[in-house]
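# Make a model of this:
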Amino acid sequence: MKIKEIDRTANMAWSPAAQHPIYLAAGTAAQQLDATFSTSAALEIYTLNLADPGLGMDLAGSIPSDHRFHKLAWGAHGMTSPETSSGLLVGGGDNGNVFIWNPAKLLKKENPVVCTLDKHVGAVAALDFNPFQKNLLASGASDSEIYIWDLNNPTNPMTPGAKSQPSDDVSCIAWNQQVQHILASTFIARCVVWDLRKNDPIIKISDSMSRIKCKMVAWHPEVATQMCIASEDDHTPVVQLWDLRFATSPLKVLENHQRGILSMAWCPQDPDLLLTCGKDNRILCWNPNSSVQGGEVVYELPTSNQWSFDVQWCPRNPAVLSSASFDGHISVYSLMGGEQPVQQVDKISDSFPTSDPFLSTPLQQAAAQKQVVIALKKPPKWLRRPVGASFGFGGKLVTFENPKPTNPQQPIQHLVNISQVVTETDLLARSSQLESALTHSQFAEFCALKIANSNDTIEENVWNFMKVNFESDPRSKFLQLLGYDQNELTRKVSAITGAEVDIADTEGGLDASELVRRMSLLGADDSSGDKLLASQGGSASPSVTESQVMHLTYRMIFR
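The predicted structure follows:
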């Protein structure tokens, strides 16, 4: 959706990706007049402030110009130097001039002019910086002129080879995004690919069957041999996807525009997003790698009633793009949604007021119709995770990755890997022993293993008490662990009561009621008890209760 707007009929260029904050340069467009028929020209730099809720953009710097511009390009050459910390801004003029400015000085309100190159003889409509060697600038003009400038020494430019015949205007020029010495240029009926190492064209692409008029060329951001060519012809308003390995015919043709295409831009961060604008007042975003017949439109931007003659992606923020239209507006859009309130102004009708209340301009008629906008169907590449990992229970690790396609025309196989991560081998072994014991109900054996591997007495006693719970006679075993000896207790009872007790009969445990009965023999009416107590120096005592017997027994146990 539209987030910013500049009221200028101008060519534009975004600041390099390394530049912060983000700037947008606007140079008055050549061969175009606004509603006021102004003949002045200027180069202006605006600041992109997405935190500002308004549609306007702040003017950061401006310089008047005696020339209008066919093309602007902003490169990163010299950004490591304090003098040119914002790179270099280049503009192509009417009379074969190439103007170079220092944006850092323009922002400081100083004289930004670096130099003017005047080797061309016609209007310079094509400019592009080499993405690998920032000091190399390619320019194209009329009469098939192409120059390669070294900005460290721009006095003697080189040519990629002999002029392409027949002589024609160079409408677009583009460096390969993967191979630094490959350059493409477009003429009306053909696209020529140059190899700077050989100073010679290596291939000429033309489609005589469809009779397209080549307007723009754009290289695939990741595949070195693929490019898109846009046609300006109203009869064949198509985008052709070519692979130089099979240059006999295009791999794919994108057909959705109704009239000729004026500009094209391939997103550097996502090869699945290709922008085009045409004479049908539409700005379309394609997925050139889709297998849909005729091309898949993944997004359509809302536009005005005038043609857009230029579209560009923001190098630093890939979700932001811009378009320049003939109605005097540079619009900035966001693919992520959101929209500022827009109030459209018809400058033509304002310049020629009329008293006829029934006369409505096309802009007013279009305002009454709500425009339907196609939204993105999937997130762009810069929002997708290239890799990911997550730990699960039991030391499981789940990982995935999004590999780069070797062939964009074939589907990518996405794999999810599940692996076992072991960091504590001893802990894993003990865990396996416990799991095996629980599975096979070997509780006593597991406790015995723990007793054998105990390092101190406390740990051994704990596992002994746990082991007793899983044995056949846990009660007697608990008493043994507490220090209770049945045989010793039986001897003491026998010595006190004078009764003969068979130790073998008490191995299963002495019944409490039987013990009370025997202890009651110590009562006052029992003469044998009196004699026994008298012989021990005691006296007869009253009848003994069961609680007293138990108390006496525990005292004997823990004496």
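# what's the pLDDT at Leu449?
We have a pLDDT of 87 for Leu449.
# That one - how many residues pack around it?
A count of nearby residues for Leu449, using other C-beta atoms under 10 Å, gives 14. Every residue, glycine included, has its C-beta placed from N, CA and C.
# so it touches Gln433, yeah?
Yes: between Leu449 and Gln433 a contact is recorded at 7.2 Å, counting by C-beta atoms under 8 Å.
# What is the burial count for Val468?
Burial of Val468 is recorded as 19 neighbouring residues (other C-beta under 10 Å).
# Now do the same for it: its pLDDT.
So Val468 comes in at 85 (pLDDT).
# dump the residue contacts of it.
Under the criterion of C-beta atoms under 8 Å, 6 or more residues apart in numbering, the neighbours of Val468 are Pro474, Lys477, Phe478, Leu481.
# which SS state does the nearest residue to it once chain neighbours are set aside fall under?
Residue nearest to Val468 in three dimensions, not counting chain neighbours: Lys477, with 4.4 Å by C-beta to C-beta, 6 or more residues apart in numbering. The assignment at Lys477 comes out as helix when based on DSSP: H, G, I helix; E, B strand; the rest coil.
# Look up how far Ser231 lies from Lys477.
Note on Lys477: its distance to Ser231, by C-beta to C-beta, to the nearest Å, is 95 Å.
# Name the helix or strand for Asn464, please.
With elements delineated by DSSP states H and E, Asn464 resides in helix 457-468, which encompasses its position.
# Could you pick out the longest helix of the chain?
Scanning the chain for the helix with the most residues, using DSSP state H, yields helix 425-440.
# Show me what Thr116 bridges to in the sheet.
Beta bridges link Thr116 to Phe99 when assigned by DSSP bridges.
# in stretch 426-444, what's buried?
Using 16 or more other C-beta atoms under 10 Å as the test for burial, stretch 426-444 gives Ala437, Ala444.
# my bad, should have said stretch 225-243
225-233, 236-243.
# ditto for stretch 467-477
Within stretch 467-477, the residues that qualify as buried by neighbour count (16+ other C-beta under 10 Å) are Lys467, Val468, Ser476, Lys477.
# Tell me which two of the residues you listed sit farthest apart.
Lys467 and Ser476 (13.8 Å; C-beta to C-beta).
# which non-adjacent residue is nearest Asp143?
Excluding the flanking residues, the one nearest Asp143 by C-beta to C-beta, 6+ apart is Ser167, at 5.0 Å.
# A strand includes the one you found, no?
No: assessed by three-state DSSP, Ser167 does not belong to a strand; its assignment is coil.
# Neighbours of it, how many?
11.
# Read off the pLDDT value for the closest residue to Ile3 other than its chain neighbours.
Distance criterion C-beta to C-beta, 6+ apart; nearest residue to Ile3, sequence neighbours excluded, is Ser334 at 5.0 Å. If you check Ser334, the pLDDT there is 90.
# Confirm for me that Ser334 is in contact with Cys314.
No: counting by C-beta under 8 Å, Ser334 stays clear of Cys314, with 9.8 Å between them.
# tell me, what's touching those two both at once?
Among the neighbours of Ser334, those also in contact with Cys314 (C-beta under 8 Å, 6+ apart) are Val320.
# neighbour-wise, which of these two wins?
Shown here are Ser334 and Cys314; by other C-beta under 10 Å, Cys314 has more neighbours (20 against 17).
# thought the more buried one was touching Ala13?
No: taking contacts as C-beta under 8 Å, Cys314 lies outside contact range of Ala13: 10.8 Å.
# Now do the buried residues in the helix holding Asn464.
Buried residues in helix 457-468, counting neighbours by 16+ other C-beta under 10 Å, are found at Trp463, Asn464, Lys467, Val468.
# can I get the CA coordinates of that helix in CSV?
Extracted as CSV, the C-alpha positions of helix 457-468 are listed here (Å, rounded to 0.1, in the frame of the first residue of the first chain):
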residue,chain,number,x,y,z
THR,A,457,25.9,-45.1,53.7
ILE,A,458,22.9,-42.8,53.5
GLU,A,459,22.3,-43.5,49.9
GLU,A,460,22.6,-47.2,50.5
ASN,A,461,20.1,-47.1,53.4
VAL,A,462,17.6,-45.2,51.2
TRP,A,463,17.8,-47.8,48.5
ASN,A,464,17.5,-50.6,51.1
PHE,A,465,14.3,-49.2,52.4
MET,A,466,13.0,-48.8,48.9
LYS,A,467,13.9,-52.4,48.0
VAL,A,468,12.0,-53.8,51.0
